[in-house]
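**Q** sequence and computational prediction follow.
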Amino acid sequence: MHINISPTKTEVAKNFSDYLEELIKDNKTTHIALSGGSTPKVVFDYMAEHYEEVDWSTVHLYWGDERCVPPTDSESNYKITVDHLLSKIDIPKDNIHRVLGEDLPELEAGRYGKVLEEELPIVDNIPQFDLVILGMGDDGHTASIFPHEIGLWDSPNNCEVAIHPDSGQRRITITGKLINNAKTVVFLVTGSSKAEKVRSIITKEEGHENYPASLVAPTSGELIWFLDEEAAAQIN
Ligand SMILES: O=C1O[C@H](COP(=O)(O)O)[C@@H](O)[C@H](O)[C@H]1O
């Protein structure tokens with residue numbers, strides 16, 4: 001596990017963007033699962049502004065989780081990506097593999113799971129992302145696997161339907177087997193509200209295994225935490 005701590009959220013965006021640029025610059029097809037949440041927005045803005053010359057033609061984008069809403073809804077993780085990145089870069093439409101949040105959740109979870117099987121290389125019988133980008137909620141959830149449904153992590157399916165514990169909003173999420181089969185998993189976590197869970201998970205405190213984010217442990221890949229100083233405040 002690597003931990004990369006930056007002074008501010010903007011510097012997290014810069015450091016992660018530099019990392020991503022290195023990953024995609026060799027022109028090999030690169031399959032990346034994106035997340036929603038507050039930190040990716042800043043990363044997308046940074047990339048759109050500073051990485052105009054990146055060749056996106058070999059990059060394929062997917063979503064690790066999506067809210068079950070239309071793609072024009074402000075809650076949609078896809079819409080956030082369009083507004084902050086996709087509308088500003090030159091990437092072929094065929095490289096964008098969105099979750100159809102507007103469709104029937106159970107059917108869409110099955111359909112998207114098949115898309116992943118068709119598009120990604122299969123390694124150890126599981127589709128393999130080059131990179132899975134994750135956030136972590138204040139409650140320790142990651143992708144859309146929340147503590148009250150932590151059992152979804154071990155699902156035999158590629159994707160599941162999840163329910164937000166407070167709003168009841170339905171979500172589609174990839175499951176633990178896909179996350180841990182990735183070549184690299186990156187957590188982008190910023191802000192003081194995350195500090196306690198970051199400490200608990202990284203230092204493996206008692207009870208840490210109750211947080212879905214603590215189950216992220218790539219089988220043969222790499223795990224990198226990109227944190228700002230606020231999120232990392234309790235691990236120093
Ligand atoms: O609901 C979600 O939240 C998590 C964490 O987001 P943050 O705003 O607390 O950083 C995110 O990873 C996930 O993709 C999103 O759907």
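**A** Looks like it arrived, so ask away. Residues are numbered from 1 along each chain as shown.

**Q** return the residues of this protein in contact with the ligand.
**A** Ser35, Gly36, Gly37, Ser38, Thr39, Asp65, Asn77, Leu134, Gly135, Met136, Gly137, Ser144 (Cβ under 6 Å from any ligand atom). (C-beta placed from N, C-alpha, C; glycine too.)

**Q** just the buried ones from these?
**A** Applying a neighbour-count criterion of 16 or more other Cβ atoms under 10 Å, the buried members of the residues of the chain next to the ligand are Ser35, Gly36, Gly37, Thr39, Asp65, Asn77, Leu134, Gly135, Met136, Gly137, Ser144.

**Q** which ones among these are found in helices?
**A** Thr39, Asn77 (DSSP state H).

**Q** of the buried ones among the residues of the chain next to the ligand, which pair is most distant in space?
**A** Thr39 and Ser144 (16.0 Å; Cβ to Cβ).

**Q** any idea of the mean pLDDT in stretch 176-193?
**A** Taken as a whole, stretch 176-193 has a mean pLDDT of 98.

**Q** so for the helix or strand of the chain with the lowest mean pLDDT, what gets flagged as buried?
**A** Using mean pLDDT, DSSP states H and E, the weakest-scoring helix or strand in the chain turns out to be helix 38-50, at a mean of 91. Buried residues in helix 38-50, counted by 16+ other Cβ under 10 Å: Thr39, Pro40, Lys41, Val42, Val43, Phe44, Asp45, Tyr46, Met47, Ala48.

**Q** is it true that the fifth one touches Lys14?
**A** When you say that, I think you mean Val43. No. Val43 is beyond contact range of Lys14, at 9.0 Å (criterion: Cβ atoms under 8 Å).
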